[in-house]
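Peer 1: turn this into a structure:
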Amino acid sequence: MKKQIAMLALAAIAAMATPAIAQDKIIVGAYAANPPWEFKNDAGTFEGFEVDVATEAAKRIGREVEFQELGFQALFAATSSGRIDFAISSISVNNERLESQSFTQPYYDSDGTIVGLGTSEVKTLEDLEGKVIGVVAATTGEAWANENAEALGIAEVRSYAAQQDLLLDVQNGRIEGGAGELAGFQYAITKIPSLSILVRIPTGERFAMMAKKDLPILGEVNDAISAMKEDGTMAAIHEKWFGVAPDEGTSTVTTMPIPTIE
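Peer 2: Numbering: from 1, shown residues only. Now for the predicted structure:
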């Protein structure tokens, strides 16, 4: 009997000493055709900025993470129903979504930008006067350019079917630059070093991990994201995927509370 009690005591001590490896996985849904945020490599494994963020956050609360491929619209129903715990896919936090979903603190400010050759003289939006710029058809960049072309004196807004065609014309000097979303162009610059961000255009959009309303582990994951910002991990992930350090004062380096409706 004494031997059995001793063995049970040792087992209890061993259990307490065992690291808190998750009994439950965190299930994260992602739209797989969204580089550099999330995509599948040749081996079929998820990679990307937000994949790294979600993986590290799960690790810090002692859980494993499992990624599920879903269409973008399907992500919202999947979190609401509890099929997945979180969704990632460059999802902007806004009041309408906060009515039915919860979000972690943001970790990326999604501004617009003008990209061009590093030798370009364009440093401000006013410098676009008389210049020809390119946009990808049906994007926010095209909408912005068409809305602001007259006020800024832009000579022509040239539409392209694909970003690579736009960037080729920038490289060859056929247009002064391209208007579009910051992250996509930052990622392109890692492949084309002659290009540079000429002007950043604030839009107020911020990306975060979306979750079922009031998910119990939301606070733990949010705290993990705060710690990642404080110890430089989030900045390192940004530099890995975009080739540059995040700007000071952005949500990539600034700790924030869980978003609420404003």
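
Peer 1: next one: stretch 108-115 to chain centre, how far?
Peer 2: The chain centre lies 12 Å from the centre of stretch 108-115; the measure is C-alpha atoms, centre = their mean, to the nearest Å.

Peer 1: what sits up against it?
Peer 2: Outside of stretch 108-115, the residues within contact range by C-beta atoms under 8 Å, 6 or more residues apart in numbering are 49, 90, 92, 122, 125, 128, 133, 140-141, 144, 167, 170, 177-183, 185, 188-189, 195-203, 205-207, 238, 250-252. Any C-beta I mention is one placed from the backbone N, CA and C, and that applies to glycine too.

Peer 1: going along the chain, name the strands of the stretch 101-250 of the chain.
Peer 2: 101-103, 108-117, 132-136, 156-160, 177-181, 195-207, 210-212 (DSSP state E, counting those that start in this stretch).

Peer 1: most neighbours per residue, which of these?
Peer 2: Most buried of these by mean neighbour count (mean count of other C-beta atoms under 10 Å) is strand 177-181; its value is a mean of 27.

Peer 1: who are the packing partners of it?
Peer 2: Secondary-structure packing of strand 177-181 (3 or more C-beta pairs under 8 Å, 6 or more residues apart in numbering; DSSP states H and E): strand 108-117, strand 132-136, helix 140-152, helix 163-171.

Peer 1: residue 116 reaches residue 195, doesn't it?
Peer 2: Yes - Residue 116 is within contact range of residue 195, at 6.9 Å (criterion: C-beta atoms under 8 Å).

Peer 1: overlap in contacts of the two?
Peer 2: What both residue 116 and residue 195 touch, as defined by C-beta under 8 Å, 6+ apart, is the set residue 170.

Peer 1: what does stretch 140-149 contact?
Peer 2: 112, 125, 133, 135-136, 154, 157, 159, 178-181, 201, 203.

Peer 1: about what we covered before: of the strands of the stretch 101-250 of the chain, which approaches residue 74 most closely?
Peer 2: Residue 74 lies closest, by C-beta to C-beta, to one member of those: strand 210-212, at 12.4 Å.

Peer 1: from the contact counts, what lies against the closest one?
Peer 2: helix 72-81, strand 86-88, strand 101-103.

Peer 1: any idea which of the ones you listed scores lowest on pLDDT?
Peer 2: Mean pLDDT is lowest for helix 72-81 among the helices and strands packed on strand 210-212, at a mean of 93.
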